[in-house]
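Student: can't give you the sequence, but here's the structure:
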């Protein structure tokens, strides 16, 4: 089973210094009919003006993954980590028993866009932790690259949940097959570009929910950029 979520149906918030597109209820966006998708609690698409960001604030009991689309994202936390990620880079924050951090666009003339994903961990009270990993455009080119996983793999950041995050950048006319297995569900987000296939057409900022056994072959109608979160199907 599959269901498209058009970009026009995704919540759009215009705030001081940034905009946020919230795919699920988050912050001041409250919708009882649009709660978490399995263990996927939030998928937020942020755009920050130069000098804007989220000053030091707390989190706990959450796996927080950020993927940079454009510009640079500066991270600082109370564990002593300071890091900057750019397009194609992924960072992971295990909030666990409690952590504080900031996320800023520290540039004076460049915009920042990043996608932030919140996943419920498989247990509480985990020790806070931070990691990041760089992925080149060649690594992400024309195939799904596993960047976050519940399994311990050298090629991906390990999280505390049975969930996987994939990224791909597709050249025009290139095809990609999405295979969602029985007992699993996936959330596919078209970050940039447009794709079509199997009766589905996705343009920039559209999303697609998949449940159970589904196979899609999507062709990029232009240069395109996608992200997919795959996890166990909720009961």
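Tutor: Arrived safely. A quick note: this is a predicted structure, and the numbers were derived from the prediction, not measured.
Student: and the closest residue in space to residue 16 that isn't next to it in sequence, what pLDDT?
Tutor: Residue nearest to residue 16 in three dimensions, not counting chain neighbours: residue 52, with 7.7 Å by Cβ to Cβ, 6 or more residues apart in numbering. (Glycine included, C-beta is placed from N, CA and C.) Model confidence at residue 52, expressed as pLDDT, equals 97.
Student: after the one helix or strand in the chain whose mean pLDDT sits lowest, next one along is what?
Tutor: Of all the helices and strands that make up the chain, the one with the lowest confidence by mean pLDDT, DSSP states H and E is helix 137-140; it has a mean of 88. Using DSSP states H and E, the helix or strand that follows helix 137-140 towards the C-terminus is strand 145-149.
Student: quick one on the thing from earlier: list the contacts of the residue nearest to residue 16.
Tutor: Residue 52 is in contact with 16-18, 104-105, counting by Cβ atoms under 8 Å, 6 or more residues apart in numbering.
Student: could you rerun that using 10 Å?
Tutor: By Cβ atoms under 10 Å, 6 or more residues apart in numbering, the contact set of residue 52 is 15-18, 46, 104-106, 111-112.
Student: so which of those residues comes closest to residue 127?
Tutor: In terms of Cβ to Cβ, no member of the contacts of residue 52 lies closer to residue 127 than residue 104, at 25.0 Å.
Student: any idea what that closest one is bridged to?
Tutor: Note on residue 104: beta-bridge partners by DSSP bridges are residue 53, residue 74.
Student: what's the per-residue pLDDT of it here?
Tutor: At residue 104, the model reports a pLDDT of 98.
Student: oh, and call the first residue 55 from now on, that's how I've got it
Tutor: New numbering, starting at 55: the last item is residue 158.
Student: which residues touch it?
Tutor: Counting by Cβ under 10 Å, 6+ apart, residue 158 touches 102, 105-110, 126-130, 138, 166.
Student: again, but for residue 196
Tutor: Residues counted as contacts of residue 196 (Cβ under 10 Å, 6+ apart) are 222-225, 228-230, 274.
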